[in-house]
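In: Curious how this folds, go ahead:
(one chain, ligands or ions: 1)
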Amino acid sequence: MLDQLRQVEKEALAALEAVEDSDALAAWHRRYLGRKGALTLFLRSVGELPKEERPAFGRAANEAKARLEAASEARAEALRQEEMQRELERGALDVTLPGRPTGPGHLHITTQTLRQITAIFAEMGFQVYEAPDVETDELNFGLLNMPPHHPARDMWDTFWINDEVLLRTHTSPGQIRVMRERYPEPIRVILPGKCYRYEQITARSEHQFYQVEGLAIGHAITMTDLIGTLTEFARRFYGPERRIRIRGSYFPFTEPSIEADMDCILCGGAGCRVCKYSGWLEVCGAGMVHPVVLQNGGYDPDEWSGFAFGFGVERPAMVKYGIDDIRLFYGNDLRFLRQF
Ligand code: FA5
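Out: Numbers count the residues shown, from 1 in each chain. Below you'll find the predicted structure:
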């Protein structure tokens, strides 16, 4: 019996060598390892042997079966490789064909807008100062004249890293950083960067957006300088015919505080859907730097004065380019992005 088994194994291996394609391999499988295959029948016949011969023969038959299975796997792999080689030779895959070119990209609309804003302020003598997105509670609120439990904190809820560390809600904490770094020099900087707020996402509000903060500190800086700077910015960014109006407002870190509006660029002040029929569009919040904030930055308010302002980047871009939904900015839809 053992001799017969070896003979069948030898014959099967020789037949496997002659197998040239997957159909032939399947037929080989049926013939030797299938339900009625030669080796399977051998295994079944173990029961007919005398008891003492069964274990040795069963082991030998199982080993032979394992060897044939491994050999058929190897043959299947070799056939796959040969088939790939043939395909390559037939030219089905031309690896020399150049790939599809991806067109050059361009700057995102937010980046373009930030660069326009930066260039305008650079011409007015403002340097760019970058402050971190991750801030402490003290810088984002406390040193900006909002101690714990100050009600103004409610306007700016955010994402907290722990009890002390948060994602900044505005670029204003950068005011303290730049003052502490530059004292006792006069300052004229803008601070562009990302801000975060825990608030409802709507057509006008995102939970992440950009702001540009402005800060000027000197010995005789007045509200007139602030209004002049904002008017100049509005005219350069939106068009030379723009008019600015000033309203009283409230921010804990400026005193007095103002909001600057400009006449609506769509209707010129007559009233339309974009300006909600008021004729005016909000430009930014601003004011004279609060004495407490000057002090926290290291500047003596009896000797120094300054102005600060802060505006978004996406909203001005929406006004300028007629975009009606802020969610389009970061929705990654190329049909939107390619327009700018
Ligand atoms: C502030 O953040 C103040 N820090 C601005 C300031 C700076 C005042 C310096 C005085 C002196 P406010 O919360 O209004 O203010 O935000 C300023 C601008 O950020 C808004 O006018 C708007 O353009 C933009 N902004 C605010 N929240 C969002 C939001 N959720 N999505 C998009 N833009 C926003």
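
In: quick one, what contacts the residue nearest to N296 when sequence neighbours are not counted?
Out: Spatial nearest neighbour of N296, chain neighbours left out: L143 (4.3 Å); criterion: C-beta to C-beta, 6 or more residues apart in numbering. Every residue, glycine included, has its C-beta placed from N, CA and C. L143 makes contact with P173, I176, V293, N296, G297, according to C-beta atoms under 8 Å, 6 or more residues apart in numbering.

In: Hmm, the last one is touching M179, no?
Out: Yes. Taking C-beta atoms under 8 Å as the definition, G297 is a contact partner of M179 at 2.6 Å.

In: Name the residues contacting each of the two.
Out: I217.

In: Can you classify C275 by secondary structure?
Out: At C275 the chain is in coil, as set by DSSP: H, G, I helix; E, B strand; the rest coil.

In: And stretch 230-238, how far out from the chain middle?
Out: Centre-to-centre, stretch 230-238 and its host chain are 31 Å apart (C-alpha atoms, centre = their mean, to the nearest Å).

In: List the buried residues for that stretch?
Out: Across stretch 230-238, burial judged by 16 or more other C-beta atoms under 10 Å covers L230, T231, E232, F233, A234, R235, R236, F237, Y238.

In: And stretch 236-246, by the same measure?
Out: R236, F237, Y238, R242, I244, I246.

In: so what's the fifth one closest to, chain neighbours aside?
Out: Once its chain neighbours are removed from consideration, I244 has its nearest residue in T231; the separation is 4.6 Å (C-beta to C-beta, 6+ apart).

In: and what of the first one?
Out: The shortest distance from R236 to any non-neighbouring residue, by C-beta to C-beta, 6+ apart, is to I120 (4.6 Å).

In: check contacts around that neighbour.
Out: Contacts of I120 by C-beta under 8 Å, 6+ apart are E232, F233, R236, F237.

In: where along the stretch 101-250 of the chain do the helices fall?
Out: 109-123, 137-140, 173-182, 223-238 (DSSP state H, counting those that start in this stretch).

In: Could you confirm whether any residue of the last one contacts the ligand?
Out: Right, helix 223-238. No. Using C-beta under 6 Å from any ligand atom, helix 223-238 stays clear of the ligand, coming no nearer than 9.6 Å.

In: How about the second one?
Out: No. Under the criterion of C-beta under 6 Å from any ligand atom, the ligand is not reached by helix 137-140; the shortest gap measures 9.8 Å.

In: Show me what that helix is packed against.
Out: Packing partners of helix 137-140 (3 or more C-beta pairs under 8 Å, 6 or more residues apart in numbering; DSSP states H and E): strand 165-167, helix 173-182.

In: would you list these in a markdown table and tack on mean pLDDT?
Out: Output for those, formatted as a markdown table (pLDDT from 0 to 100):
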| stretch | mean pLDDT |
| --- | --- |
| strand 165-167 | 97 |
| helix 173-182 | 98 |
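
In: Mean neighbour count, these: which tops it?
Out: When the helices and strands packed on helix 137-140 are scored by mean count of other C-beta atoms under 10 Å, the highest mean neighbour count falls to helix 173-182 (a mean of 21).

In: Export that helix to PDB, keeping only CA atoms.
Out: Presented in PDB, the C-alpha positions along helix 173-182 are these (Å, rounded to 0.1, in the frame of the first residue of the first chain):
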ATOM      1  CA  PRO A 173      -4.700  87.500  23.200                       C
ATOM      2  CA  GLY A 174      -1.900  88.100  20.700                       C
ATOM      3  CA  GLN A 175      -2.100  91.800  21.800                       C
ATOM      4  CA  ILE A 176      -0.700  90.900  25.300                       C
ATOM      5  CA  ARG A 177       2.000  88.700  23.700                       C
ATOM      6  CA  VAL A 178       3.200  91.300  21.300                       C
ATOM      7  CA  MET A 179       3.100  94.100  24.000                       C
ATOM      8  CA  ARG A 180       5.100  92.000  26.400                       C
ATOM      9  CA  GLU A 181       7.600  91.200  23.700                       C
ATOM     10  CA  ARG A 182       8.000  94.700  22.300                       C
END
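
In: gap between it and the chain center?
Out: 28 Å.

In: One more: stretch 297-310?
Out: The answer for stretch 297-310 is 36 Å, by C-alpha atoms, centre = their mean.

In: List the buried residues in it.
Out: G297, Y299, W304, S305, G306, F307, A308, F309, G310.

In: does the ligand sit close to that stretch?
Out: Yes. Using C-beta under 6 Å from any ligand atom, stretch 297-310 comes into contact with the ligand via A308, F309, G310.

In: Just the endpoints, please. Distance across that stretch?
Out: Terminal residues of stretch 297-310 are spaced 18 Å apart (C-alpha to C-alpha, to the nearest Å).

In: Can I get the contacts of L143 in JSON lines including distance to V212?
Out: Converted to JSON lines, the contacts of L143 look like this (distance: C-beta to C-beta, whole Å):
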{"residue": "P173", "distance to V212": "14"}
{"residue": "I176", "distance to V212": "17"}
{"residue": "V293", "distance to V212": "18"}
{"residue": "N296", "distance to V212": "22"}
{"residue": "G297", "distance to V212": "19"}
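
In: So for the lengthiest helix in the chain, mean pLDDT?
Out: Identified as the longest helix of the chain according to DSSP state H is helix 54-90. In this model, helix 54-90 has a mean pLDDT of 87.
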